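J.: generate coordinates for the sequence data below:
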Amino acid sequence: MKIKQWIKIEKKMTDLMGWEKGIDAMCEVHGEVARGKAIYELSPREDRKIIFRLRKRYSNYQQFLERTKNSSQGE
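T.: Purely as a prediction, here's the structure:
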């Protein structure tokens with residue numbers, strides 16, 4: 001994966017989740033897919049796996065925020 005793409009993903013994750021949670025989520029996914037391997041050394045398959053998992057985390061967190069926002073407005 002190109003570092004430029006990784007930084008773009010990091011920006012999106014930290015904008016949504018906040019710095020600490022966003023970085024933690026990215027590190028966890030990277031560790032699950034390719035522990036001990038640098039981002040720029042990943043194979044195309046590993047790139048796709050990381051991107052898929054990060055998209056899943058991003059959308060799940062986004063849905064969580066929407067649910068909590070809706071439930072707090074309903075009270």
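J.: run a quick neighbour tally on M1.
T.: Close neighbours of M1, defined as other C-beta atoms under 10 Å, add up to 20. To be clear about C-beta, it is placed using only N, CA and C from the backbone, and glycine gets the same treatment.
J.: give the contact list for the spatially most central residue of the chain.
T.: Nearest to the geometric centre of the chain sits L54, at 3.6 Å (C-alpha atoms, centre = their mean). Listed by C-beta atoms under 8 Å, 6 or more residues apart in numbering, the contact set of L54 reads I9, M13, A25, M26, V29.
J.: so for the fourth one, what pLDDT did the model give?
T.: So that's M26. At M26, the model reports a pLDDT of 96.
J.: could you do the first one as well?
T.: In the predicted model, I9 carries a pLDDT score of 96.
J.: which strand or helix spans the residue nearest to it when sequence neighbours are not counted?
T.: Excluding its sequence neighbours, the residue lying closest to I9 (C-beta to C-beta, 6 or more residues apart in numbering) is L54, at 6.0 Å. Assignment of secondary structure by DSSP states H and E places L54 within helix 44-74.
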